[in-house]
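Chemist: Provided below for reference: sequence and predicted model.
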Amino acid sequence: MNAPIRLLIVDDHAVVREGLRAFLRLQQGIEVVGEAAGADEAIRVVATSAPDVILLDLVMPQGDGIGAIRRLLEVAPGVRVLVLTSFADDAQIFAAMAAGAAGYLLKDVDPQALADGIRDVHAGRPALDPSVASRLMRGGGRSRLTRDQLTPREQDVLRLVVEGLANKQIAQRLGIGEKTIKTHMSRVLAKLDVADRTQAAVLAIREGLVD
């Protein structure tokens, strides 16, 4: 049996934290290991609770939420930060993703979709509100990379990343080793000049790099 996903909730409203905690504790495979009201407290809690995923509001009483993402990833590079906020303006969205957020959901999200989003980012898949995904696909500059600059195998891997598959699933689908998939994925990220799979998937769709 797989270990549960260790989750840290960061929101400056106690009632929001309580509601999230009450709901998520009922979700199979998710364990709430801590909560914090701001960035500084979150940094301290991360050190003692070792979360896998951090559910983070962008409205922070101690500095801005974008800066909090960067700070949290500095002290816990392996953690996945899933933004859960009421704000969906382009500046916030692009800044959060550039800072390293693994997903971006809005607070009106269906509760079950939130639980699924936590599972997705933990598995390395993007978790984006549909309106956020649409803005990401429309926004930003154009990539200089064209489809023919990716090898056929890199295109296969990128296409399956866009479908939301993890490395193990991609390896099974393509019939090759998971280590080989990781190598292809590293090359794809380097060619796209992006930091993670979420950004790669968004760019691939926006630039028409996959079918």
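Modeler: Cool, got the structure.

Chemist: Show me what secondary structure element comes after the helix or strand of the chain with the lowest mean pLDDT.
Modeler: Using mean pLDDT, DSSP states H and E, helix 130-138 stands out as the lowest-scoring helix or strand of the chain, at a mean of 73. Using DSSP states H and E, the next helix or strand after helix 130-138 towards the C-terminus is helix 152-162.

Chemist: I'd like the next helix or strand past that following helix.
Modeler: helix 167-174.

Chemist: In the longest helix belonging to the chain, which residues are buried?
Modeler: Longest helix in the chain, counting residues (DSSP state H): helix 178-192. Residues 181, 184, 185, 188, 189, 191, 192 are the ones in helix 178-192 that count as buried (16 or more other C-beta atoms under 10 Å). Bear in mind the C-beta positions are built from the backbone N, C-alpha and C, glycine included.

Chemist: what's the third one in contact with, if anything?
Modeler: For residue 185, the contacting residues are 157, 161, 167, 197, by C-beta atoms under 8 Å, 6 or more residues apart in numbering.

Chemist: now the fourth one
Modeler: Under the criterion of C-beta under 8 Å, 6+ apart, the contact partners of residue 188 comprise 150, 154, 157, 158, 161, 200.

Chemist: next one: the fifth one
Modeler: Contacts for residue 189 (C-beta under 8 Å, 6+ apart) come out as 195, 196, 197, 200.

Chemist: Where is pLDDT lowest across these?
Modeler: Minimum pLDDT across the contacts of residue 189 is recorded for residue 195, with 76.

Chemist: ok, that residue - how many residues close by?
Modeler: As a burial measure, residue 195 scores 14 neighbours (other C-beta atoms under 10 Å).

Chemist: For it, identify the helix or strand it belongs to.
Modeler: Assigned by DSSP H and E, residue 195 belongs to no helix or strand.

Chemist: Give me the nearest residue to it, chain neighbours excluded.
Modeler: Closest residue to residue 195 apart from its sequence neighbours, by C-beta to C-beta, 6 or more residues apart in numbering: residue 100 at 6.3 Å.

Chemist: That's all I had, so thanks and see you.
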